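>>> here is my input, please return the structure:
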Amino acid sequence: MIIKQIRSTDGTGSLGYIIGDEVSKTALVLDPNTEDIDLIGKEVHALGLRITTIVDTHTHADHVSGARKLHELTGAEVIMHEESKNKYKYVDLGDAFGIGDTLRENVKVTIDRYVHDGDKITVGGITVNVIYAPGHTNDHVCLLADGHLFTGDVLLIGQAGRSDLPSGNIDEQYDTFFRKILPLPDTTVIHPGHDYENRKSSTIGIEKKTNPFLAPRTLEQYREFVSEFFPPLADSDGGKMILQCGVQRVTTTNEGFTDITPEQLRKMMATRNDLVLIDVREPRELRMFGAIKGVINIPVGTLVRGGADLEPFKDKAIVALCQTGSRSVEASHYLIKKGFKNVYNLLGGTMAYLRSEPLAV
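Numbering: from 1, shown residues only. The predicted structure is shown next:
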């Protein structure tokens with residue numbers, strides 16, 4: 001079996017795949033990005049293959065599918081899960097995320113064959129097993145072939161696909177992970193539909209040890225865990241909106257904000273009078289788990305959707321904080337994008353700060 005990864009150059013971190021049969025010289029193209037059609041054609045030609053099958057693992061929200069264009073060029077059969085029949089219902093919901101236009105393009109793709117959980121797709125002598133894997137979207141599938149699992153956007157290396165987009169569902173994602181993917185052999189190679197750090201693949205065994213989303217927990221515990229992650233926003237790259245499909249933003253040293261420890265925050269609070277602490281948790285979380293004295297509570301959802309007046313803080317030093325330090329990264333990123341120059345992110349969040357608070361004597 002030939003596996004060739006196609007890493008898109010469009011800034012979305014999307015990964016497509018050519019899965020080829022060496023004997024019949026036929027190929028399945030998985031998750032083609034419309035901007036990579038020429039590259040896919042060159043790679044297929046170089047491998048001496050002929051495209052007979054095109055599969056989209058789900059209705060993509062961050063890039064326009066190349067399935068329609070590739071079908072026009074090759075006549076290959078286009079396959080998706082049957083739930084994609086209803087994808088038009090979610091188009092308008094995408095406007096709230098800035099992805100409505102992308103969804104509108106992707107619902108135009110004509111599907112030649114709909115598949116279900118347990119169905120098989122044949123590519124020459126290769127048998128590809130379809131695993132219905134909702135969570136990121138409700139029409140999502142993974143493909144399993146000869147010990148290789150192509151996970152699309154539901155499971156990424158070291159993290160998971162976001163479940164807050166139209167038709168996403170946390171409970172279904174949990175079921176996909178713990179009832180369908182994790183029971184596979186540890187040696188199963190994982191090929192994700194996205195990666196933001198130039199990694200190519202992993203294995204189920206490695207992900208069990210390193211991916212926090214696959215740690216043993218109940219459904220209720222999983223819901224609580226996922227609530228600590230605020231999915232990345234759409235960024236603007238030269239006027240083009242780019243949406244990360246993972247739940248964790250991949251930051252760089254050039255992000256623009258500064259990470260600080262609880263000890264550093266205490267020193268700043270004692271020595272600076274221009275400090276503003278913004279707690280981006282939900283109000284109930286402050287009541288349940290405690291809060292640092294003097295914080296201003298602006299939930300991250302309210303913040304990033306422009307529902308808070310930030311003008312009074314324009315010339316202040318802002319410290320973003322949450323429960324454990326995950327949502328505050330997203331808030332810090334947003335503040336930098338809005339032009340704030342003096343932004344800090346509290347590592348470990350309120351939990352770390354309160355746990356390290358000096359005892360009263």
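>>> where's Ile54, which helix or strand?
strand 50-55 (DSSP states H and E).
>>> pretty sure Lys208 is in a strand, no?
No - checked against DSSP: H, G, I helix; E, B strand; the rest coil, Lys208 lies outside a strand; its state is helix.
>>> returning to that earlier point: next, the buried residues of the strand holding Ile54.
Ile51, Thr52, Thr53, Ile54, Val55 (16 or more other Cβ atoms under 10 Å). Backbone N, C-alpha and C define where each C-beta goes, glycine included.
>>> for stretch 219-238, same thing?
Tyr222, Phe225, Val226, Glu228, Phe229, Phe230, Pro231, Pro232, Leu233.
>>> so what touches that stretch?
Stretch 219-238 is contacted by residues 11, 97-99, 160, 162-165, 170-171, 173-174, 212-213, 217, 241-244, 246-249, 280, 300-301, 304, 322-324, 326-327, 330-331, 333-334, 337 when judged by Cβ atoms under 8 Å, 6 or more residues apart in numbering.
>>> strands of the stretch 251-361 of the chain, start to end?
Using DSSP state E, counting those that start in this stretch, the strands found in the stretch 251-361 of the chain span residues 258-260, 275-279, 296-297, 317-321, 343-346.
>>> hey, which of the ones you listed is tucked in deepest?
Ranked by mean neighbour count, the strands of the stretch 251-361 of the chain are led by strand 317-321 with a mean of 25 (mean count of other Cβ atoms under 10 Å).
>>> and the angle for it with strand 275-279?
20 degrees (axes from the mean of the first three to the mean of the last three Cα atoms, to 10 degrees).
>>> pLDDT of strand 317-321, averaged?
For strand 317-321, the mean pLDDT works out to 96.
>>> repeat that for stretch 263-280.
95.
>>> so what would you say the end-to-end distance of it is?
Counting by Cα to Cα, to the nearest Å, the length from the leading to the trailing residue of stretch 263-280 is 20 Å.
>>> quick revisit: just the buried ones among the contacts of stretch 219-238, please.
97-99, 160, 162-163, 165, 170, 173-174, 213, 241-244, 246-249, 280, 300, 304, 322-324, 326-327, 330-331, 333-334.
>>> just those residues: which are in helices?
Counting by DSSP state H, the buried ones among the contacts of stretch 219-238 place Ile170, Gln173, Tyr174, Val300, Val304, Arg327, Glu330, Ala331, His333, Tyr334 in helices.
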